[in-house]
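Enquirer: quick one, structure for this:
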Amino acid sequence: RTLPTRFGAQSRDGRGQMSQLPAVDVVVVGGGVIGCASAYELRKAGLSVAIVEAREVASAASGASAGGVRQQGRDPRELAIAMRAIARWPTLEDELGADLHYRQDGHLTLVAREEDLPALEARVRDEQARGLGIRIVRRDELDELAPGLGPDIIAGAWCPTDGHAMPILVTKAFCAAAQRRGATLYEWTAVTGFRLEGDRVVGVHTTRGEIPCRSVLIAAGAWSRDLARMVGVELPIEPHALQMMVTNPMPPRLKPVVTCVGRRLSLKQLRSGAYLLGGGWPGSVDWEGRFGRNRVASMAGSAVDASAVYPLLRRTRVVRAWTGLEAIAADEVPILGPVPGVEGMVLACGFSGHGFALSPCIGELMAELIATGRTSLPLDALSLDRFAA
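Expert: Below is the predicted model of the structure:
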C-alpha cells in the first residue's frame with residue numbers, strides 16, 4: 001500500500017510511472033544534525049544510505065541552534081546518552097576532518113536567589129550519583145570561572161566537561177563525512193509518501209521519485225509529525241519557534257556557557273568575540289512558510305535577562321536575531337525507536353531544543369538499532385510507547 005501526503009507532485013517518467021532512484025538499505029529523512037550523524041554512523045556500519053532533505057542541509061533547527069554541548073540539567077532518561085555523546089566531542093573534529101568551533105570550557109547554572117539553591121543542590125547530588133562530574137561552586141570561585149557576573153549571583157552548578165560548538169559546521173561535517181563514505185544526499189527533495197508491503201516499509205516516495213529501501217529513519221525535526229501521519233501514527237510533538245540573538249564582537253572574556261535559574265538565558269561568547277544569547281525565548285511560527293519570525297518583546301526580554309546576569313552586555317549591540325523551528329515533545333525529551341506497527345521505520349525526533357549535543361551518540365544508537373535491532377544504551381524510556389497511556 002502507498003500512503004501519500006500533500007507535499008507537491010511526484011516525479012514520473014514519460015509513461016506516468018513514478019521514477020525510481022537507486023535502492024538503499026536506509027533512507028534518512030532530514031538533513032539536520034541528527035539525520036546527518038545517523039547517516040554517518042550507518043555508513044560506518046556498512047549500510048547503504050540516502051539522506052533526503054526538503055531544503056538544504058542544516059537549514060532548519062540545526063542551522064539556528066545555540067550550540068550548547070552540555071550534560072547537566074538533563075532529564076534522567078537522556079543523561080546517559082548525553083554523557084556518552086560528550087565523551088566523543090573532544091575528538092570529533094579529528095574524526096570528521098573539520099573545524100567545528102568546539103570548546104570544552106564548561107557550563108555554569110547560576111543561582112541569584114537563596115530559595116532556588118536547595119533544588120539546584122539536590123539536582124547536582126542526583127547527577128553526581130549518576131556519574132557526572134559536577135559540583136556546586138560559590139561566589140569567590142565563580143568570579144574566577146566567569147569574571148563579570150552580576151552582583152546578586154550567589155552560587156552555581158559547575159560541569160567542566162560541558163561546552164559549545166557551531167551547529168551549522170557540525171551538521172555539514174557529519175553530512176560530508178557520510179558522503180565520503182558513500183552516502184547519497186538529495187537536497188530540495190520532499191518526501192511525498194511511503195510504500196508499504198503489509199506492515200513493512202519498502203520505499204520512500206519523493207519529488208524526485210521513489211527510493212526502494214529496507215528501513216527509514218525519520219529525523220525531520222518539526223516536520224516529523226507530518227511524516228508519521230503518512231503511516232497513520234500521531235506523534236505528541238508541537239513546532240515551536242525559539243529565538244536567538246548575537247551581539248557585536250567584544251574582547252575575549254567569558255569561557256563557560258552560562259545559564260541562570262529563574263531566567264530564560266543561555267549565554268556564550270563565540271570565537272569571534274560576539275555573545276550569543278538564547279534560552280528559549282519564543283518567536284512566532286509561520287508553519288506554511290516553514291520558518292519562524294522574531295518577536296520584539298522576546299528580544300527585549302532576552303536582553304534584560306542576559307544583562308542582569310552579565311552586566312557587560314549593556315555595552316554591546318545586538319546585530320542579528322533569528323528563530324529556529326524546533327519539535328517540542330509533550331514531555332520535552334526525545335522520541336527514539338521503532339514506529340509501532342510499521343516494521344523498518346524508526347524515529348529520532350522531538351529533541352525539544354536540546355538535541356544538538358546528543359547527536360554523536362544518537363547517530364551511534366540509531367545505526368545500532370537499524371543494523372542489529374538492539375542498542376548499547378536502553379531506549380525503552382524514550383520510545384513512543386511511553387505516551388500510550
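Enquirer: where do the helices sit along the stretch 1-150 of the chain?
Expert: Assigned by DSSP state H, counting those that start in this stretch, the stretch 1-150 of the chain shows helices spanning 33-44, 61-64, 76-96, 117-129, 139-145.
Enquirer: in whatever helix or strand Gly324 lives in, what's buried?
Expert: Assigned by DSSP states H and E, Gly324 belongs to strand 318-329. By neighbour count with 16 or more other Cβ atoms under 10 Å, strand 318-329 contains the buried residues Ala321, Trp322, Thr323, Gly324, Leu325, Glu326, Ala327, Ile328, Ala329. Every C-beta, even on glycine, is put in place using the N, C-alpha and C of the backbone.
Enquirer: please list all residues in contact with Arg386.
Expert: Neighbouring residues of Arg386 by Cβ atoms under 8 Å, 6 or more residues apart in numbering: Asp331.
Enquirer: now the chain, which segments are flagged as low pLDDT?
Expert: Applying pLDDT under 70 to the chain flags the ranges 1-18, 287-290, 389.
Enquirer: sticking with Ala367, tell me its helix or strand.
Expert: Using DSSP H and E, Ala367 falls in helix 359-372.
Enquirer: how about that helix: buried residues?
Expert: Applying 16+ other Cβ under 10 Å to helix 359-372 flags 359-371 as buried.
Enquirer: with just CA atoms, put that helix into PDB.
Expert: C-alpha atoms of helix 359-372 as PDB (Å, rounded to 0.1, in the frame of the first residue of the first chain):
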ATOM      1  CA  SER A 359      24.000  13.900  18.100                       C
ATOM      2  CA  PRO A 360      27.200  11.900  18.100                       C
ATOM      3  CA  CYS A 361      25.600   9.300  20.400                       C
ATOM      4  CA  ILE A 362      22.200   9.400  18.800                       C
ATOM      5  CA  GLY A 363      23.800   8.600  15.500                       C
ATOM      6  CA  GLU A 364      25.500   5.600  17.000                       C
ATOM      7  CA  LEU A 365      22.300   4.300  18.700                       C
ATOM      8  CA  MET A 366      20.200   4.700  15.500                       C
ATOM      9  CA  ALA A 367      22.800   2.800  13.500                       C
ATOM     10  CA  GLU A 368      22.900   0.000  16.100                       C
ATOM     11  CA  LEU A 369      19.100  -0.200  16.200                       C
ATOM     12  CA  ILE A 370      18.700  -0.300  12.400                       C
ATOM     13  CA  ALA A 371      21.600  -2.600  11.800                       C
ATOM     14  CA  THR A 372      21.100  -5.100  14.600                       C
END
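Enquirer: quick one: contacts of that helix?
Expert: 26, 33-34, 37-42, 44-47, 81-82, 84-85, 88-89, 92, 170, 174, 215, 217, 219, 334, 336-338, 346, 348, 355, 374-377, 379.
Enquirer: try 6 Å this time
Expert: 26, 33-34, 37-38, 40-42, 45, 81, 84-85, 88, 215, 217, 348, 375 (Cβ atoms under 6 Å, 6 or more residues apart in numbering).
Enquirer: then stretch 39-54?
Expert: For stretch 39-54, the surrounding residues in contact (Cβ under 6 Å, 6+ apart) are 24-29, 31, 174, 177-178, 181-187, 189-191, 206, 211, 363-364, 367, 371.
Enquirer: how about the CA coordinates for it, as PDB?
Expert: What follows is stretch 39-54, C-alpha atoms only, in PDB (Å, rounded to 0.1, in the frame of the first residue of the first chain):
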ATOM      1  CA  ALA A  39      23.700   8.600   8.200                       C
ATOM      2  CA  TYR A  40      27.500   8.800   9.000                       C
ATOM      3  CA  GLU A  41      27.200   6.100  11.600                       C
ATOM      4  CA  LEU A  42      25.000   3.900   9.300                       C
ATOM      5  CA  ARG A  43      27.700   4.100   6.600                       C
ATOM      6  CA  LYS A  44      30.300   3.100   9.200                       C
ATOM      7  CA  ALA A  45      28.200   0.100  10.000                       C
ATOM      8  CA  GLY A  46      28.300  -0.800   6.300                       C
ATOM      9  CA  LEU A  47      24.700   0.000   5.300                       C
ATOM     10  CA  SER A  48      23.900   2.000   2.100                       C
ATOM     11  CA  VAL A  49      22.200   5.300   2.900                       C
ATOM     12  CA  ALA A  50      20.300   8.100   1.200                       C
ATOM     13  CA  ILE A  51      19.700  11.400   3.000                       C
ATOM     14  CA  VAL A  52      16.500  13.200   1.900                       C
ATOM     15  CA  GLU A  53      16.200  16.800   2.800                       C
ATOM     16  CA  ALA A  54      13.300  19.100   1.800                       C
END
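Enquirer: what would the helices of the stretch 1-150 of the chain look like in TSV with distance to Leu108 and mean neighbour count?
Expert: Compiled in TSV, these are given as follows (distance: least, Cβ to Cβ, whole Å; neighbours: other Cβ atoms under 10 Å):
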stretch	distance to Leu108	mean neighbour count
helix 33-44	24	29
helix 61-64	24	24
helix 76-96	16	18
helix 117-129	11	14
helix 139-145	6	13
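Enquirer: out of those, nearest to Val296?
Expert: The closest of the helices of the stretch 1-150 of the chain to Val296 is helix 61-64. By Cβ to Cβ, the value is 18.2 Å.
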